[in-house]
Structure formats: structure tokens, C-alpha cells
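Student: curious how this folds, go ahead:
(chains A and B)
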Amino acid sequence: MALLEIEDLHATVDGHEILKGVNLTVNAGEVHSIMGPNGSGKSTLAQVLARRETYEVTRGRVLFDGKDLLEMKPEDAACEGVFMAFQYPVEIPGIGNAYFLRSAMNAIRRYRGQDELDAMDFLPLYKERLKLLEMDEKLMNRSVNEGFSGGEKKRNEILQMAVLQPKLAILDETDSGLDIDALRIVAQGVNAMRGPDRAFLVITHYQRLLDYITPDFVHVLVDGRIVRSGGPELALELEDRGYGSAEADAHAALPA
Amino acid sequence: MKTGMRGMGSEKAMATVTGRPNTYLGAYRELLALRQERDPVWLRQLREDAWTRFHAKGFHTTHDEDWRFTNLAALAKTPFQRLEKGSVAVTAQEIEEFRVAGAACQLVFVNGHFAPELSALQNLPKGLEICSLERAIDCGMIGCAPEGCAPEGIEQHLGRYADVRRDVFVALNTALWEDGAYLRIRRGAVIDQPVHLLYVSAGAGAEIMTHPRTLIVAEPTSHAAVIEDYVSIGGETAFSNAVTELVAGQDAVVSHFLVERENLAAFNVSTLRLEQARGTNVSSHSILLGGGLVRNNVHPVLAGDGAECLINGLFVGAGRQHLDNYMLVEHAQPQCSSRQFYNGILDGSARGVFHGRIVVHKDAQKTDAKQTNRNLLLSDNARIDTKPQLEIHADDVKCTHGATIGQIEEEQLFYLRSRGIDEVSARNTLLYAFAAECLDRMQEPAAREFAEGLIRERIAELARNRQPALESAPADEETQNWEEVR
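Tutor: Have a look, this model is predicted:
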């Protein structure tokens, strides 16, 4: 059984149709990259999968681990094992990073019928992952993302992912705005988590990130549909030729 | 809780209440008769002047600029009565839940009267003198000063700062007060733990009024923290009209906490008048969580060079609560600084007011005054009126103010939920973070911890109540709508 099965997914924002029939199957252990020009619907796809309510699904079906993902609230999707690294991580003043992440972890553990972790159990785990992402321990007690640089915010997303250990990790343009060092560290964090039980959906505008995270499959999303799929070589081709050719293909494929 | 069923005193209470329907004039006359032999001349004069003032002026209307957002019609038309001492018995067990862990001592007042049997005044810290104000006055009259009771400063301070001409509630309190706390912190004394003053309204089927009067004299270089705490037992309507004068001597460091956690039928008007000498550092923390109609006046006068004042507050209202905060910060001398931070959270049809007035007198050069009021409105029917007012008569000053009104941010909510935290908890977490900003400004651990517990509880209640409210009409039909009563 596939971990994620998306069939004919249509979604609208404020009445505008953004996704116009996405089909995608992701198996555990695979890394899929979704590429495409701005406005093609990449982030909308990520947000729909993370169950953001401002996006309305008008048609289609999404199964996650055999369950209807579109029936789930955001917190239920998270507890089932979906994680989205935000393109623009949100600042939350007054809530400490460590406290927040432990609350999240315990919410997920409760959902799964596991015992909650107290601070003593949680901290060693948290510190170990901080080290993996080369982050300062002082960040632990600072408010979530407050006053963080762009790179720190993105690293914090990957840190959360590394602690929460999702089955499906969606990286929504995690590479945008990252310098090369931060990109390397983020990729290192992702690569350390690759494994047979976990899948990744790496959404990016540029091929650059894929130099560090080698995908198994690359899909090109244009105007709300996946117009081409292939192996890692497709990313390189897009880098050379741009999205223009893919867009032309998309239009050619449209019924007259 | 049923009325008239409270222990031994209940029968007597009913008799008192039904037998003597009262008005403010009635209460004043009763009090004159009661206090005639016991009040010193200066105090009788003080009461008389205050009464004359109240009688001439009556309650404020919304035409009065300082009362524009708060309608007192419901208060004015309620026939409140004063209760005799001991009319309603409250047990130690009933008080237990209101205690503050880590307090140095606790003075308990029931319906405006000192309840020594409920108070905890053992092992007072060195340098702290505390006493019921009525007792202190009586001691002064008959010339006995038991240990810990030092009445000599009362005449010098009482009624000198809270101006009966400014505010009719101050006039009413000054005319009608029966008891309250008198604190004196000796020169140089450092009191580590907070003093807890607990004012309990426990009606027995009656609409009671009390006018608690507190005088805090912090002598030079002393340190202390005082918690003034208003609670109710039972659901009866009560009217507390409190006035506190806090006099801080040179370089004293004093924190005052006002906690309003009465029932939703309560009227609570409180006036905190701070008189700050040179180099003092005084904080006023107001935590308004309960009460139906609440007016919180904080009025510091920075009367000595280099005095600093922090005015920190949180008000949380739901249902039809009306929480009005009126700040008047007077910079009278140079080089003083004042900081105002008020956060408001309003749900249901609650209404909040923040009126922040800063007056910089002619001589108060190098004044540094800052004011921030931030508000979260959780429903379409909640409302906040925020009004900064600067009145500057000096030319070398720095004054800033800012106010914001917003909602819980959907982005933040989604962020928390996307990590597995359910909606109610996520909302709770965000509300608490906003509310808890005031805790960061509290220096005294025991008081801070006490406030933290109360805020946590109130926010959890708010988040819980919101869940059904999202689907159906608000479940607060029984409470009064203060606006509708004219």
C-alpha cells in the first residue's frame, strides 16, 4: 500500500481554483521532489496536505496510510504522521521552543496511546537534534521563531521534524532564502532521516537543494497539474531549459 | 450556593437585611451614629467633607469624559446595604481556597469588616506593622498601641492623597469606609514575602456594599509587596468600592497587586493612589479576571526626582463583563519615568476600556513616559475602547503611546495545530502567552506564582467555553447586560 495516494485533487482559495487535478503516489522510503514555476500550486498542495482550512478541496481524494486525509483536522494529520516544514515559519511570542515542541510531541504520543515524556526525558533528545542541525542550545528557551534569522527559522523547522519523526515530511520551499551553509545543514538533517519507513515531498523552485537531497522522483507542477514526472535527471533538465518547455508541454496536453 | 444558609450568622443576617432597607444616606447616618464616639475629630471632618461632596455630585454619567465608556445606571439603581459586623459567618474552610502560598501574612475582611479569626498574622516579618485600620484608629483614640499596631502615621496620610473632589467614588469611600488594612513598613525593612489582603463579599440574600480603605506607608528604603484581592462567596450582587493610598518614602521599592476575581454579578470600583517620593520604584499590577462591572483607577503621582513607576495590567472578560481601566499618571518632578503595559482579552459580549492619561507638569523636565495597550478580541460582539491622552506642560520630555486591537492569528493557530496540538489547546496556548506577558514584569516570586495560577485557570476556562460557543449562541444569557440598564 502506498503511503500517500493523491487522486484528481482540486482545490480553491477564495474561489480561485489552484489545483486542477493532481495525481501522485508516494511510497514509504521514497523522496519525491515537486518543482514548478511560481503560482503553479506547489505550496497549495503542501498546505492542503497539512490540512490548512483556508484551502477548500472541491474534488478528489487523498489517502494517507490508507486513511482519508481530507477528513482530518490539521492536528489529526500531524498525529497520523504528516509534517510540513513551513515556507514562512510563524513567530509565536511568549511560547518557548522546547515547551512548544514537547507539547507537540506529547500530543502526538497521546494520540498514539503512548506515555507522555516529561522534561527530563525530552531534553536529551532535543539537545541531540539541536546538535545535528548545528543550532545553539540557547534557542531552547527563546520564543518560537521570534527574532530568528531566515536560516534559523528554516533550521528550526527541520529540527522539529527531526524530533517529531513523521512518516511523511513535506518541505515547502525550505531552500528559499537559505545561504549555502544553511542549505547544507538542512539537507544533512533531511538525509539523516531518510529511511524505509519515511517518505519526503520536497517542494522547490530551484534544482539547487536537489544537489544535496537526491530525489527518487521529480514531478513538474504547472498550472495546478503534474505535467511531467521522471528521475533526478529531470531536475537537471529543468535547470538547463527552464520551466518554459514544461509549460509548453502542459498547454499542448490540454484538450482543445 | 443557597442564600441564608451559611452557618450560625445567617439568621441574624436576614433580619438585618430585611429589617433595614438602606440607601447611601442611611448608611452614612448609621455610620455616624456608630463611629461618633470613636472617630477622632479630623476623621469626622474628613467623612463629612467627603459626604457633602458625594451628596452634591451623585454618580458620574457618561457625559463625564472620564466615564464616557462606563454606564453606572445599573449600579446607581441597585439598593445596596451595609452589613453589620458578623452578620454573615464565613468559615476558615471557605477561605482556604483563596490563600496565597508563600504570603508573609493575611488579613481577611468579610463584607468590609475585619475577621481576625480568619486572618493569619503570626510570625510577622521584622519591620512590618499591619493592623485593621479601624483598630488602628481606635487604638489611637484610646491611647493603647498593641504590638504591631502603630497608628501615629494615620492622620498624617489618610485621605491626603485620594482626592474626594476628583472622583465621587473616592468621596463615597471616604465617607462610608468602615475598615480596611493599615500597613507600615519600617525604614529600611525588606519584606520578602507578599502581604495578602483578602476582601470577601459573602452576601446572604442581600445586595451588600463595602468601602474598603487601605493605607500603606512604606518608609524610606523599605521593600515590600502587597496583594489586594477581591473575591466572592456565593453568587449575590455586591458592590466593593475600595480606595488604597500607598505612600512610598524616599528610595522605597513597593509592588502592589490588585486581583479582581469576584463573581459575575459584582460591581467593583477600586482606586489606587500612589504617592512616590524621590528615587522610589513602585509597581502596580492589576489582574482583572472576574466581576461584572469593574472600574480600576490607578493614579500615581511621581512627586520626587527620579521616581519610577510601572503600571502593569491584564484584563480578561467574557460574557457581559465590563472592565474599565482608568490610568492617570502624573509626572510632577523631573527625571521620573513611568511605564504602562496593559493587555486585554475580551470574548463574548464583554467590553473593555483602557483610558491612559499622562500629565506632565511644568517642572517635570526629562520625563520619560511610555504607554502600551494591546488587546485581543475573540468574538464579533466583544468591544474595546482605548484612549490615550497626553497632557504635557514641560518642554523636555519623552512620551510615547501605542495601542493595538487584534484577533488570535490564524497562522499561529495553524502552526501549532500542524504540529499535533489540538485546536482548544492551541488557542489556550496562544491566549496564555499573550496574557502571561504581564507576568514577566512581576519581580516577586510568590506574587508572580499566585498570579500565574489565576491567569492559567482563567485562560483555560475561556478556551474551554469557546468550543461550544463556536457552534451555538453564547451560553451566558443569565448575566446582566450593563449597557441595557439605563
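
Student: can you name the residues that contact residue 215?
Tutor: As the question left the chain open, I've gone with chain A. Applying C-beta atoms under 8 Å, 6 or more residues apart in numbering or on different chains, we find residue A:215 in contact with A:31-33, A:200, A:202, A:232, A:235. The C-beta positions use only the backbone N, C-alpha and C, and glycine is treated the same way.

Student: look at chain B instead
Tutor: B:133, B:154, B:157-158, B:180-183, B:244-245, B:247.

Student: out of the contacts of residue A:215, which are inside helices?
Tutor: A:232, A:235 (DSSP state H).

Student: and the contacts of stretch A:6-19?
Tutor: So stretch A:6-19 is contacted by A:20-25, A:41, A:44-45, A:48, A:54-62, A:224 (C-beta under 8 Å, 6+ apart).

Student: now it - C-alpha only, CSV.
Tutor: Presented in CSV, the C-alpha positions along stretch A:6-19 are these (Å, rounded to 0.1, in the frame of the first residue of the first chain):
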residue,chain,number,x,y,z
ILE,A,6,-3.5,11.7,-4.3
GLU,A,7,-6.2,11.3,-6.9
ASP,A,8,-7.6,14.1,-9.1
LEU,A,9,-7.2,16.7,-6.4
HIS,A,10,-8.8,20.0,-7.0
ALA,A,11,-8.5,22.9,-4.5
THR,A,12,-9.6,26.5,-4.4
VAL,A,13,-8.5,29.6,-2.5
ASP,A,14,-11.1,32.4,-2.2
GLY,A,15,-13.0,30.9,-5.1
HIS,A,16,-9.9,30.6,-7.4
GLU,A,17,-9.1,27.1,-8.5
ILE,A,18,-5.4,26.5,-7.8
LEU,A,19,-5.1,22.7,-8.0
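
Student: buried set for that stretch?
Tutor: A:6, A:9-13, A:17-19 (16 or more other C-beta atoms under 10 Å in any protein chain shown).

Student: what's the farthest-apart pair in those?
Tutor: Using C-beta to C-beta, the buried residues of stretch A:6-19 span at most 17.6 Å, a distance reached by A:6 and A:13.

Student: ok, back up a step: nearest to residue B:333 among the contacts of residue A:215?
Tutor: Nearest to residue B:333 among those, with distances taken as C-beta to C-beta, is residue A:202, at 64.0 Å.

Student: in three-state terms, label the closest residue to chain B within chain A for me.
Tutor: For chain A and chain B, the shortest gap (C-beta to the nearest C-beta) falls at residue A:94, measuring 2.9 Å. The three-state assignment at residue A:94 reads strand, by DSSP: H, G, I helix; E, B strand; the rest coil.

Student: and the residue in chain B that chain A sits nearest to, how many residues sit next to it?
Tutor: Proximity of chain B to chain A (C-beta to the nearest C-beta) peaks at residue B:433, 2.9 Å away. Here the number of neighbours of residue B:433 (other C-beta atoms under 10 Å in any protein chain shown) works out to 19.

Student: contact residues of chain B facing chain A?
Tutor: Within reach of chain A by C-beta under 8 Å from any C-beta of the partner chain, chain B has these residues: B:409-412, B:414-423, B:425-426, B:429-430, B:432-434, B:436-437.

Student: filter those down to the buried ones and hand me the PyMOL line.
Tutor: Restricted to buried positions by 16+ other C-beta under 10 Å, the PyMOL selection for the residues of chain B next to chain A reads:
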select buried, chain B and resi 411+412+414+415+416+417+418+419+420+421+422+423+425+426+429+430+432+433+434+436+437
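
Student: shouldn't residue B:49 be in contact with residue B:165?
Tutor: No. Residue B:49 is beyond contact range of residue B:165, at 9.3 Å (criterion: C-beta atoms under 8 Å).

Student: didn't residue B:249 look like it was pressed against residue B:189?
Tutor: No. Counting by C-beta under 8 Å, residue B:249 stays clear of residue B:189, with 11.3 Å between them.

Student: surely the residue of chain A closest to chain B touches residue B:436?
Tutor: Yes. Distance between residue A:94 and residue B:436: 6.0 Å, which falls inside the contact criterion (C-beta under 8 Å).

Student: would you mind measuring from residue B:28 to residue B:52?
Tutor: 11 Å (C-beta to C-beta, to the nearest Å).

Student: once you drop chain neighbours, what's closest to residue B:54?
Tutor: Closest residue in space to residue B:54, ignoring its immediate chain neighbours: residue B:171 at 4.1 Å, by C-beta to C-beta, 6 or more residues apart in numbering or on different chains.

Student: for chain B, what spans make up the helices?
Tutor: Under DSSP H, chain B gives helices at B:10-19, B:24-35, B:41-57, B:73-77, B:92-96, B:133-142, B:154-157, B:168-176, B:410-417, B:423-435, B:445-471.

Student: list the buried ones in the second one?
Tutor: This points to helix B:24-35. So for helix B:24-35, counting by 16+ other C-beta under 10 Å, buried means B:24, B:27-28, B:30-31, B:35.

Student: one step back: could the contacts of residue A:215 go into a markdown table alongside pLDDT, distance to chain B and neighbour count?
Tutor: Converted to a markdown table, those look like this (pLDDT from 0 to 100; distance: C-beta to the nearest C-beta, whole Å; neighbours: other C-beta atoms under 10 Å in any protein chain shown):
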| residue | pLDDT | distance to chain B | neighbour count |
| --- | --- | --- | --- |
| A:31 | 96 | 21 | 23 |
| A:32 | 97 | 20 | 21 |
| A:33 | 96 | 21 | 24 |
| A:200 | 97 | 17 | 24 |
| A:202 | 96 | 18 | 24 |
| A:232 | 91 | 29 | 16 |
| A:235 | 87 | 27 | 22 |
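
Student: farthest pair in the contacts of residue A:215?
Tutor: A:200 and A:235, at 14.3 Å, using C-beta to C-beta across those.

Student: pull the distance from stretch A:212-225 to the chain's centre.
Tutor: 13 Å (C-alpha atoms, centre = their mean, to the nearest Å).

Student: typo on my end, stretch B:362-370
Tutor: 27 Å.

Student: for stretch B:426-444, same thing?
Tutor: For stretch B:426-444, the distance to the chain centre is 20 Å (C-alpha atoms, centre = their mean).

Student: quick one: average pLDDT of that stretch?
Tutor: What stretch B:426-444 shows for mean pLDDT is 94.

Student: I'd say the residue nearest to residue B:54 and residue B:53 touch.
Tutor: Yes. The criterion here is C-beta under 8 Å, and residue B:171 meets it with residue B:53 at 4.2 Å.

Student: these two - which one has more neighbours?
Tutor: residue B:171 (25 against 20).

Student: who touches that one in this structure?
Tutor: Neighbouring residues of residue B:171 by C-beta under 8 Å, 6+ apart: B:50-51, B:53-54, B:57, B:164-165.
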